[in-house]
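Participant: need a structure here:
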Amino acid sequence: MVRRILITGATGQVGWELKRTLQGVGDVHAPTHTQFDLNDFDNMVRVIHAYQPHLIVNTAAYTAVDRAEQSQEDAYRINGEAPGVLADEAKKIGALLVHYSTDYVFAGTAKIAYREDNAAAPQSVYGHTKLAGEAAIVQSGANYLILRTSWVYGMRGNNFLLKVLRVAREGRELRIVADQIGVPTWCRTLAEMTAQIIVQGFRDGGIDPNFWQVNGGIYHLTSQGQTSWYGFAKAILSRTAFSIQPVINSISTADYISAAKRPAYSVLNTDKLARTFGLRAPHWCAALDLCLR
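Facilitator: Numbers count the residues shown, from 1 in each chain. Prediction:
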């Protein structure tokens, strides 16, 4: 029996990569946003029942952090409620649900990397909605894998890397926050490590429920090391040739006007992932080198 895999948000950064990294694992079905809208719960259920996937990978989310402060209902529906619907349907058909969450579930006041069992205390609507989605999945009773990650970037979509490159090419001055610390994570790193995790819990014809009952849960998956947004921007520019060297200035969070509060420190400890699955992502600088090549 061919394994069937359903990917949501397949045109996004991580979803786009997963369509490629999972192609040898099973039959990948990657509907467009119109075909699988996380706002339309009834249609989500119809698509899942029609396709009967062994694995559902949810990469879709409401990711506009500042806009979420004014659009709380939309953000909660997509980030908080829709994952629960996916989990409920996964349980009914015996599928595994893989879902991505965020470093924004933490307050950002720690001094050492956050573990999975550290208390969550989101400071933004976005963080609250993502935490609500986690809770809905956990409470569903489905087999699940929640992967918290941070500062996702790549060569597609709307992300920090592409914004820095665009502003630099336009010859404009860059003003980048230097007092927020986290871990840049390449979307391809996320996709490839997700695939390597998933295959450990597959068996002929589907998932191994016993494996996921033991090894499922919440994990942190990011690159290694840490930096500031300013440090990340400097690393990007140092690896890119420009006819005129861009001007980059560091600023504080207080100088950066935004609707949502960001964590000052959101480094995630990935030791649990390494212990359970034997995997550890490369240093963020090494991943950035690969991405820009």
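Participant: make it CA atoms for all contacts and neighbour counts henceforth
Facilitator: Will do.
Participant: just the helices in the protein please.
Facilitator: 13-21, 41-51, 65-68, 72-75, 82-93, 125-140, 160-169, 187-200, 209-215, 229-238, 271-277, 284-292 (DSSP state H).
Participant: As JSON lines, the ones you listed with mean neighbour count, mean pLDDT and distance to residue 244 would be great.
Facilitator: JSON lines is the format used below for the helices of the chain (neighbours: other Cα atoms under 10 Å; pLDDT from 0 to 100; distance: least, Cα to Cα, whole Å):
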{"stretch": "helix 13-21", "mean neighbour count": "21", "mean pLDDT": "96", "distance to residue 244": "29"}
{"stretch": "helix 41-51", "mean neighbour count": "14", "mean pLDDT": "97", "distance to residue 244": "49"}
{"stretch": "helix 65-68", "mean neighbour count": "18", "mean pLDDT": "96", "distance to residue 244": "32"}
{"stretch": "helix 72-75", "mean neighbour count": "17", "mean pLDDT": "97", "distance to residue 244": "40"}
{"stretch": "helix 82-93", "mean neighbour count": "22", "mean pLDDT": "98", "distance to residue 244": "46"}
{"stretch": "helix 125-140", "mean neighbour count": "23", "mean pLDDT": "98", "distance to residue 244": "37"}
{"stretch": "helix 160-169", "mean neighbour count": "17", "mean pLDDT": "95", "distance to residue 244": "8"}
{"stretch": "helix 187-200", "mean neighbour count": "19", "mean pLDDT": "97", "distance to residue 244": "29"}
{"stretch": "helix 209-215", "mean neighbour count": "14", "mean pLDDT": "96", "distance to residue 244": "51"}
{"stretch": "helix 229-238", "mean neighbour count": "18", "mean pLDDT": "97", "distance to residue 244": "11"}
{"stretch": "helix 271-277", "mean neighbour count": "15", "mean pLDDT": "98", "distance to residue 244": "42"}
{"stretch": "helix 284-292", "mean neighbour count": "16", "mean pLDDT": "97", "distance to residue 244": "19"}
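Participant: now those helices in CSV, with distance to residue 259?
Facilitator: Formatted as CSV, the helices of the chain follow (distance: least, Cα to Cα, whole Å):
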stretch, distance to residue 259
helix 13-21, 24
helix 41-51, 29
helix 65-68, 5
helix 72-75, 12
helix 82-93, 24
helix 125-140, 10
helix 160-169, 18
helix 187-200, 26
helix 209-215, 38
helix 229-238, 18
helix 271-277, 33
helix 284-292, 28
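Participant: Relative to residue 154, which of those helices is closest?
Facilitator: Closest approach to residue 154 among the helices of the chain is made by helix 187-200 (5.7 Å; Cα to Cα).
Participant: Give me the contact list for the closest one.
Facilitator: 13-15, 17-18, 21-22, 25, 152-154, 221-223, 277, 279, 281, 287 (Cα atoms under 8 Å, 6 or more residues apart in numbering).
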